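Asks: give me a 3D structure for the following:
(2 chains)
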Amino acid sequence: AQSVTQLDSQVPVFEEAPVELRCNYSSSVSVYLFWYVQYPNQGLQLLLKYLSGSTLVKGINGFEAEFNKSQTSFHLRKPSVHISDTAEYFCAVSDGGSQGNLIFGKGTKLSVKP
Amino acid sequence: EAGVTQSPTHLIKTRGQQATLRCSPISGHTSVYWYQQALGLGLQFLLWYDEGEERNRGNFPPRFSGRQFPNYSSELNVNALELEDSALYLCASSLVAGAYQPQHFGDGTRLSIL
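Replies: Here you go, the predicted structure:
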């Protein structure tokens, strides 16, 4: 069965600094990868997705992620964070089978300090 | 375009009672998914409905059930509520069934069991 590991439960960073949130998944023949963001008292908002093609994926709010098949990773990056990026970020995988559901990592809380 | 809407926002019940949570997908979306986000347990898949049929369910007891109506809206029923059922229940929808289809989430129903 697929699994997703988000290596950092909390990431504190200063405003305007770069950030990388790490995500590793268990290998599979075909895999679709997603990053979601959850602001307090809200649902999940899709940041970006990797389905196929270019390994560098750009999303909303200046975020991007790189798919690395050999390292089974899909790390999320932003070159310069804002206070408003403070939220919890979830990496998710769908393994291309018929199950339909997403498998989520435990989440990483990004805290941006002034 | 209206997003996924869930009702009620909050629901307070006591042990042994039954709870009904409702979800309206984005217009044109036929697949509906339910997830449980409990403190310390992360996001766990509950149920997937597509075209009115239950397609898959997660590792939850049978007292968690639901259905999808002809207009593609859905409800989640939880019988014989237990304290451990306290969680945020998130509904998501996708345009069609498919592992590559991004899921769009509502803001959730927070269920509190006293």
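Asks: make it CA atoms for all contacts and neighbour counts henceforth
Replies: Fine.
Asks: show me what residue of chain B gets nearest to chain A.
Replies: Among all residues of chain B, B:D107 sits closest to chain A, at 3.8 Å; criterion: C-alpha to the nearest C-alpha.
Asks: contacting residues around that residue?
Replies: Shown in contact with B:D107 (C-alpha atoms under 8 Å, 6 or more residues apart in numbering or on different chains): A:N41, A:Q42, A:G43, A:L44, B:V4, B:T5, B:Q6, B:L90.
Asks: so which residue of chain A comes closest to chain B?
Replies: Per C-alpha to the nearest C-alpha, A:G43 is where chain A lies closest to chain B, at 3.8 Å.
Asks: buried sites along the helix or strand containing B:L46?
Replies: Per DSSP states H and E: B:L46 is located in strand B:42-50. Going by neighbour count (16 or more other C-alpha atoms under 10 Å in any protein chain shown), the buried part of strand B:42-50 is B:L43, B:Q44, B:F45, B:L46, B:L47, B:W48, B:Y49, B:D50.
Asks: can you check stretch B:69-80 too?
Replies: Using 16+ other C-alpha under 10 Å as the test for burial, stretch B:69-80 gives B:Y72, B:S73, B:S74, B:E75, B:L76, B:V78, B:N79.
Asks: among these, which are located in strands?
Replies: Members of the buried residues of stretch B:69-80 lying in strands (criterion: DSSP state E): B:S74, B:E75, B:L76, B:V78.
Asks: go ahead and confirm the second one touches B:A19.
Replies: No. Judged on C-alpha atoms under 8 Å, B:E75 makes no contact with B:A19 at a distance of 10.1 Å.
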